[in-house]
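Asks: Predicted model follows, preceded by the sequence.
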Amino acid sequence: MPRIAVEVESTIGSSIGKHSGAESDGRDATGRAAGGRPVGEGYVADTLDTDGRPVRTMVLMQEPARPGDEVTARPVAVLHLSDGRRDLDEVVCVAEPFDDPAGTADPGRRYAEPAAWAAVLGRLSPGTAYRVTGFGGREEADRLVADAQHSYLRLTGCLEQ
């Protein structure tokens, strides 16, 4: 799946994408974003996951987005998460105009390790402690989004059974 449209719900500053891609709390001593890339959280419209919700995403971006903005992004990985009550998947994406990670064996880890993505997700969703239970690559992310789009089309009657 080359690109998807993600509707962003919130954006925070992070240190992901800065030099080694390691994530700290994303803020310097003055409380400003510490030189990394903004990360947005949102969903892929016209998709249904196994719980009947739109597929959740985190997007590494060049510039912050306002809630409701739509960004074009490329899925690069899947985080398998647990919050202690339920398991969920979050698709990790990079927004345009990032370089094409097609030549990288593990593009999700190219930007940050799974624990760094989970730390950012915890900041995007205060009060929820996410634990990484697994990490999937680009093929898994593409398959998850394609299956969710197929489920949406079947439910709406736009796809012949």
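Replies: Yep, that arrived.
Asks: Looking at this protein, which helix is longest?
Replies: helix 138-156 (DSSP state H).
Asks: Who are the packing partners of it?
Replies: Counting contacts by 3 or more Cβ pairs under 8 Å, 6 or more residues apart in numbering; DSSP states H and E, helix 138-156 packs against strand 39-44, strand 55-60, strand 70-82, strand 87-95, helix 107-111. C-beta coordinates here come from the backbone N, C-alpha and C atoms, glycine included.
Asks: As a markdown table, these with distance to Arg131, mean neighbour count and mean pLDDT would be great.
Replies: Converted to a markdown table, the helices and strands packed on helix 138-156 look like this (distance: least, Cβ to Cβ, whole Å; neighbours: other Cβ atoms under 10 Å; pLDDT from 0 to 100):
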| stretch | distance to Arg131 | mean neighbour count | mean pLDDT |
| --- | --- | --- | --- |
| strand 39-44 | 17 | 24 | 93 |
| strand 55-60 | 16 | 25 | 93 |
| strand 70-82 | 5 | 21 | 92 |
| strand 87-95 | 10 | 23 | 91 |
| helix 107-111 | 17 | 21 | 69 |
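Asks: Quick one: closest of these to Val132.
Replies: strand 70-82 (6.1 Å; Cβ to Cβ).
Asks: what pairs with the closest one, and is each one parallel or antiparallel?
Replies: strand 4-12 (antiparallel), strand 87-95 (antiparallel), strand 131-136 (antiparallel) (DSSP bridges).
Asks: Geometric centre of this protein: which residue is closest?
Replies: Met58 (2.2 Å; Cα atoms, centre = their mean).
Asks: got the contact list for that one?
Replies: If you count contacts by Cβ atoms under 8 Å, 6 or more residues apart in numbering, Met58 has them with Val39, Gly40, Glu41, Leu79, Glu90, Val91, Val92, Cys93, Trp117, Val120, Leu121, Leu124.
Asks: same thing but at 10 Å, please
Replies: 6, 14, 16, 39-42, 73, 77, 79, 90-94, 117-118, 120-121, 124 (Cβ atoms under 10 Å, 6 or more residues apart in numbering).
Asks: And for Leu155, the neighbour number?
Replies: 11 (other Cβ atoms under 10 Å).
Asks: next one: Pro54
Replies: 17.
Asks: tell me the phi and psi of it?
Replies: phi -60, psi 150 (degrees, to the nearest 10).
Asks: Can you give me the distance of the residue nearest to it when sequence neighbours are not counted to Ala115?
Replies: Distances taken as Cβ to Cβ, 6 or more residues apart in numbering place Tyr43 nearest to Pro54, at 3.9 Å, with adjacent residues excluded. Distance, Tyr43 to Ala115, by Cβ to Cβ, to the nearest Å: 23 Å.
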